[in-house]
Each structure stands twice: as structure tokens, then as C-alpha cells.
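K.L.:
I'd like to go over a predicted model; first the sequence, then the structure.
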Amino acid sequence: MTSARTAREPASRPANGFFARPAKAALADALRNASYEILPFRSAEEKVLAHVPQDVALTVTTTEAKGLGPTVDLAVRLSEHGYRAAPHIAARLVRDRAHLADIVSRLRESGVDRLFVIAGDAPEPAGAFPDALSLIEALRTGGHSFASIGIGGYPEGHGSIRDELIEKALRAKAPHASHVITQLCFDADTTIRWARTVRAAGVELPVRIGIPGAISRQKLIRVSAGLGLGQSARFLRKQQNMLWRFFLPGGYSPNKLIERLTPAFGRPDTRLHGFHVFTFNDLDSTEAWRQAWLARLP
């Protein structure tokens, strides 16, 4: 078990105002290998093609209002354009094993070999899969293999699930997954403590830290409005910290969060290995922000 001091010690920046060379190299690697999360809105494909290099891995979210269809469709189209696109498969929207087999067949036919499996926020499951673990197990027993399966991590917990149940589920899913992507968390110390805790519990998967992209408060509000009434309300509840920060004078920038997270990257006690950027489809400004960082790094 780590001491309280160790758990809180994401290294501060050196006196010269920038990172030491190992930290700079870790940050450069994390940004070069960043993945982007996009929403399956009408203009998403065009924006990806216009602004996102093909070496940036993508995940495509699922919206409760639109269901899995648009998510799978967009992942297929982006894969055909040469991107590594992983659809979010929300277990609570999958009706049964036949529905799951249809989804898998569509993805395989188009060359999509990556998934991100979540429970989803639908109030009631559509059928046989109430959580991510049950769907992952159905993939395994059905012989549906993928090159990469991501699962979710919750540094600040989940509003409707007890922490011990989340941790138990993460340990159960980990042997069948290839990486963890965390939900947004704006406190670097909290994220690092969580990463150390799950690593100490035996979860050895690499962790990609979810951070917001370079987006405006107006964009965030428009995105929430486009999710559908029920999902929008849940989205806004989950993103209260983000909204509060966005309405501070000058808005919010992810730069300070990145600076505080960076010294923990690549450490065996955290397994932090990359950034997962929640772009909210503001892809031009997010990619410009990433390139500006990379121009300053080795």
C-alpha cells in the first residue's frame, strides 16, 4: 500500500518552468499516441477527414437517443478511410446474442478490429446484457475475438454504483481487455491515486487518461443539447466539474492538468500510457492544440 505522501506526489515542474527530459519524452509520447473520442453526429466524418491524421486512433461514442446504429456506421466508414476506429458498444443497448452477432459481423466485414465496451447509461437494459462484463463474456464464449478491447475506468467513482462494485467489475473485465480509458477527471492527484490503487489490486492493463480537448463552453453546451433530453441531463450531471471550470473567467484549458499528470506516465505503479481526448467533435481546435504541444517537445 502506498503512503499518503507517495499517493499525492505527482512531481511538480522544475524551477526552469518546464519538464525534465524524461518527463518531456513521456509527454511527447503520450501526445503522439493520443486517441480521440468523437460523437456520431452528422458532420463528424467530414471533420475527421479534414482535421485528424490517420495515425490518431479514434473511438466513436454511442448516444442513447440514436442507439448503436450510427456509432457502428461511423466506425465502419472511418475504418474504410484508413483510421483505427473503435465503436463504443453499450451493453445495455444490445438486445441479445443475435443482435451482438450482427454487430460483430458488420464490424468484421469492414475490417474494424477494435471495440470499447461500456455498460451505457440507459435506465434499463434492452435485453440480455446489463453491464459491460456480461457483454465481454458473450463475445468470448461466442468466439468473437478483436485485436483490442477497451474498458472504462472511474477515478472519481460512478454516481449510481458503489466504488467496491466498480473495482470488482474492473478486475473481472481486465483479463479480457487490452487497455483502460478513464472518464474525465480534473484532479491529477485523484487520477494518479486511482491508477496506483487499481495497479496494486492486480490490474496490469495500460491506462489512457481521459482529458477534455481544446473546446469552448459554447461547444460543450451545443453538444449536450444534441444528445437527446434524457442523456443530455445525465451528461450535464456527470460533467458538473467541467461546466464549472468552463464558466470561470477565461474558460478552461487542459494544459495544467496535463502538466500535473505527466510525471506519473510510464511508471510501473501507475501504468499510465497515454491520453484519450474527449473532443466533443471540436476536432480542428483539438488537433491544433495537440500539434502546438508537440512542437514544443522533443
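P.N.:
On my side now, so go ahead.

K.L.:
where along the stretch 1-150 of the chain do the strands fall?
P.N.:
With DSSP state E, counting those that start in this stretch, the ranges of strands along the stretch 1-150 of the chain come out as 35-38, 57-60, 85-90, 114-118, 148-153.

K.L.:
Now the last one: average pLDDT?
P.N.:
What that stands for is strand 148-153. Mean per-residue pLDDT for strand 148-153: 96.

K.L.:
helices and strands around that strand, which ones?
P.N.:
Contact analysis of strand 148-153 by 3 or more C-beta pairs under 8 Å, 6 or more residues apart in numbering; DSSP states H and E lists strand 114-118, helix 132-141, helix 163-173, strand 179-182 as its packing neighbours. Placement of C-beta: from N, CA and C, glycine included.

K.L.:
and among those, the most buried is which?
P.N.:
strand 114-118 (a mean of 24; mean count of other C-beta atoms under 10 Å).

K.L.:
tilt between it and helix 163-173?
P.N.:
150 degrees (axes from the mean of the first three to the mean of the last three C-alpha atoms, to 10 degrees).

K.L.:
Next, the angle strand 148-153 makes with strand 114-118.
P.N.:
30 degrees.

K.L.:
ok, now which ones touch the nearest residue to residue 58 once chain neighbours are set aside?
P.N.:
Leaving aside its sequence neighbours, residue 58 sits nearest to residue 85 (C-beta to C-beta, 6 or more residues apart in numbering; 4.6 Å). Counting by C-beta atoms under 8 Å, 6 or more residues apart in numbering, residue 85 touches 57-60, 74-76, 78-79, 112, 114.

K.L.:
Show the pLDDT at residue 85.
P.N.:
Per-residue confidence (pLDDT) for residue 85: 97.

K.L.:
Distance check, the closest residue in space to residue 202 that isn't next to it in sequence against residue 182.
P.N.:
Distances taken as C-beta to C-beta, 6+ apart put residue 171 closest to residue 202, at 6.5 Å, once the chain neighbours are dropped. Distance of residue 171 to residue 182, given as C-beta to C-beta, to the nearest Å: 16 Å.
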